[in-house]
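*Asks:* Here is a sequence together with a model predicted from it:
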Amino acid sequence: MTDDPRLTNFDGFRVEIDPARERADVVLNRPPMNVIAMPQRDEIRKAFEALDEDPRVRVIVLRAEGEHFSSGGYIKGFLEASPEHVSKLAWNIAAPARCTKPVIAANRGYTFGVGFEISLACDFRIVSETCRYALPEQKLGQIPGSGGSARLQKIVGITRTKDIVMRSKRIPGRQALDWGIATECVPDADLEKTVDALVEELRAFSPIAQRTAKKLLNDTEDSSLAIAIELEGHCYSRLRQADDFREGVEAFHEKRQPQFTGR
């Protein structure tokens with residue numbers, strides 16, 4: 001732990017908060033491969049839940065130190081963990097998806113196993129050209145256990161998911177962009193500034209509109225088109241009552257930048 005309220009160290013990661021930029025970073029820092037241990041998964045979940053409630057934070061970035069995001073989980077820990085603990089893996093790794101705030105994953109180098117799975121739970125994946133995505137569990141006689149294959153199938157379809165999962169295939173950053181897994185693919189030297197620019201872009205929008213859009217899109221992913229359109233209409237109607245909507249309309253007509261408050 002640290003005396004700085006903007007920096008908190010945990011086993012295998014730290015949390016940085018920059019109130020001036022309304023940004024929090026969850027930084028994996030177990031060199032050299034940023035292996036994610038079993039207890040660490042639960043702590044990461046708690047960190048995301050705390051940041052979701054922190055009024056200083058508008059956008060969360062999940063990133064890592066070094067040249068690799070994460071080579072995956074601590075393999076010996078798979079045998080040591082209790083069945084009850086293992087049953088919670090997917091819930092813990094889904095924390096970025098449940099978080100109401102925008103979450104950006106910054107991926108470079110090896111992004112394997114649980115490292116890939118937690119990135120898939122984020123809203124945006126900015127990857128460097130060095131990024132290599134993989135779900136290599138077949139090599140251990142296992143399958144992904146934290147939502148990886150399920151989320152991936154929603155994004156790329158069953159054929160490509162089988163190609164990745166059943167062959168433990170590595171997907172380069174540029175291919176991940178082409179397949180719709182990555183949001184952007186940039187030269188490695190540009191990864192941080194690209195993420196920084198996205199944070200600033202997201203900060204400019206209404207917090208309540210961002211929260212509503214994220215929840216609506218997540219909740220309607222498995223619904224029929226008719227239900228999705230119905231829910232979209234209800235959300236649209238609710239936002240019309242928000243102060244931020246009035247501010248946005250007035251700012252548009254007055255040709256100025258809106259000052260959103262999240263209400």
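*Replies:* That came through fine. Numbering: from 1, shown residues only.
*Asks:* What are the boundaries of the strands in the stretch 1-150 of the chain?
*Replies:* If DSSP state E, counting those that start in this stretch is used as the criterion, the strands of the stretch 1-150 of the chain fall at 7-10, 13-18, 23-28, 59-64, 103-107, 110-112, 124-128, 132-134.
*Asks:* quick one: which of those strands is nearest Ala97?
*Replies:* For Ala97, the closest of the strands of the stretch 1-150 of the chain is strand 103-107, at 8.0 Å, according to C-beta to C-beta. The way it works is simple: take the backbone N, C-alpha and C, and place the C-beta from them, glycine included.
*Asks:* who's in contact with that closest one?
*Replies:* 48, 59-64, 69, 96-97, 115, 118-119, 121-128, 131, 133, 173, 182, 191-192, 195, 198-199 (C-beta atoms under 8 Å, 6 or more residues apart in numbering).
*Asks:* residues contacting Phe124?
*Replies:* Going by C-beta under 8 Å, 6+ apart, Phe124 touches Pro102, Val103, Ile104, Ala105, Thr183, Leu198.
*Asks:* Which strand residues bridge the nearest residue to Val57 once chain neighbours are set aside?
*Replies:* The shortest distance from Val57 to any non-neighbouring residue, by C-beta to C-beta, 6 or more residues apart in numbering, is to Ala24 (4.4 Å). Bridge pairing for Ala24 (DSSP bridges) gives the partners Ile17, Ile60.
*Asks:* right, and Ala24 touches Pro55 too?
*Replies:* No. If you go by C-beta atoms under 8 Å, Ala24 and Pro55 don't touch, sitting 11.6 Å apart.
*Asks:* between these two, which one's more packed in?
*Replies:* Set Ala24 next to Pro55 and count neighbours by other C-beta atoms under 10 Å: Ala24 wins out with 27 against 8.
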